[in-house]
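S.K.: Predicted structure and sequence below. I'll ask about it afterward.
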Amino acid sequence: APIVALVPALITMMVIPIGDIIVIGDRTIELQAARLNVGILYVLAMVSLGVYGIVLAGWASNNRWALLGGIRASAQMISYEIAMGLAIIGVVLTYGTIDLQEINRAQSGLFLGILPNWGIFYQPLAFIIFLTAGIAESKRAPFDLPEAEPELISGYFTEYSGAKQSIFMLVDFLESLIVAALVTALFFGGWQVPLLERDGIHFPWGGFMPLPQTLVAIIQVHAFIIKVLFFCWLQIMIRWTLPRFRYDQLMILGWKILLPFALVNVILTALV
């Protein structure tokens, strides 16, 4: 069960690009572990597989509290995956591709001549829905109902200790990292830096400062890391700030609030 939960979280990171292609002599270096032209479908598939590890952990423990935690986790993850997927569809409709690298490249330049050409300005509602659903998917506060200590001891991993428990704890933080990386890639330009192109800095008034391609790649990778760290920090601040939802509030938020807004966002995006 811990391995089934861990492996999908780890291999999801393979398709998230941390920089553009670098050409050095006759060598082409792809700053992405695995280039897939269906990267978003791959991410959704891998994230969905993580449910099996959680359910298996609760069921195999032969403990009613662990089983209840596993059932809560599966219901929560399935409920919020729908809203998350619909939020991503809005981004796919905007950019016309499900390749994460191409989505990042499409976010170069300026929006209205003054703002970075990032997805947040085209899909603000999808960003809010995706971030909320992503925090719920990671099963951390304020959405930590599957492991609510006052109700379920430690939820689906009550019977686990040592390395196996540490793997479950690691998976929660890995999922937070994945959410931060996807928010960065889909809505905040990924590795894009305003005014920075592959050959140098292009100023709005027409000026140009050439830069070595290797330096540009280093700047892009660091920009991506800084954005990801910011959204990790934001998720942790939300955990420290908001109290835990009741389970009925959790389901109402997922099915009666996020899902209708996500559907409306998809319809409006398609019409536009």
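M.R.: Noted; the coordinates are in hand.

S.K.: For the protein, just list every one of the strands.
M.R.: Using DSSP state E, the strands of the chain run over residues 22-24, 27-29, 110-111, 115-116, 196-197, 200-202, 208-210.

S.K.: Pipe these into a markdown table and attach mean pLDDT, distance to Arg246 and mean neighbour count per row.
M.R.: For glycine as for every other residue, the C-beta is placed from the backbone atoms N, C-alpha and C. A markdown table is the format used below for the strands of the chain (pLDDT from 0 to 100; distance: least, Cβ to Cβ, whole Å; neighbours: other Cβ atoms under 10 Å):
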| stretch | mean pLDDT | distance to Arg246 | mean neighbour count |
| --- | --- | --- | --- |
| strand 22-24 | 81 | 50 | 13 |
| strand 27-29 | 86 | 50 | 10 |
| strand 110-111 | 84 | 40 | 14 |
| strand 115-116 | 89 | 39 | 14 |
| strand 196-197 | 86 | 46 | 16 |
| strand 200-202 | 85 | 51 | 16 |
| strand 208-210 | 86 | 55 | 10 |
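
S.K.: And for the residue nearest to Glu102 when sequence neighbours are not counted, the neighbour number?
M.R.: Distance criterion Cβ to Cβ, 6 or more residues apart in numbering; nearest residue to Glu102, sequence neighbours excluded, is Tyr95 at 7.2 Å. For Tyr95, the count of nearby residues is 18 (other Cβ atoms under 10 Å).

S.K.: Just list the residues touching Tyr95, thanks.
M.R.: For Tyr95, the contacting residues are Glu102, Ile103, Ala106, Gly119, by Cβ atoms under 8 Å, 6 or more residues apart in numbering.

S.K.: Drop the exposed ones from those and show what's left.
M.R.: The neighbour-count test (16 or more other Cβ atoms under 10 Å) applied to the contacts of Tyr95 identifies Ile103, Ala106, Gly119 as buried.

S.K.: Relative to Val55, how far out is the last one?
M.R.: As defined by Cβ to Cβ, to the nearest Å, Gly119 lies at a distance of 33 Å from Val55.

S.K.: swap in the first one?
M.R.: Relative to Val55, Ile103 is positioned 32 Å away (criterion: Cβ to Cβ).

S.K.: What of Ile129?
M.R.: Distance of Ile129 to Val55, computed by Cβ to Cβ: 25 Å.

S.K.: Same check on Ile24?
M.R.: The spacing between Ile24 and Val55, counted by Cβ to Cβ, is 47 Å.

S.K.: who's in contact with the residue nearest the centre of the chain?
M.R.: Residue closest to the mean C-alpha point of the chain, counted by Cα atoms, centre = their mean, is Val179 at 2.4 Å. Neighbour list for Val179: Leu131, Gly134, Ile135, Glu137, Ser138, Phe231, Gln235 [criterion: Cβ under 8 Å, 6+ apart].

S.K.: These: which two are farthest apart?
M.R.: Of all pairs drawn from the contacts of Val179, the one with the largest separation by Cβ to Cβ is Glu137 and Phe231; the distance is 14.0 Å.
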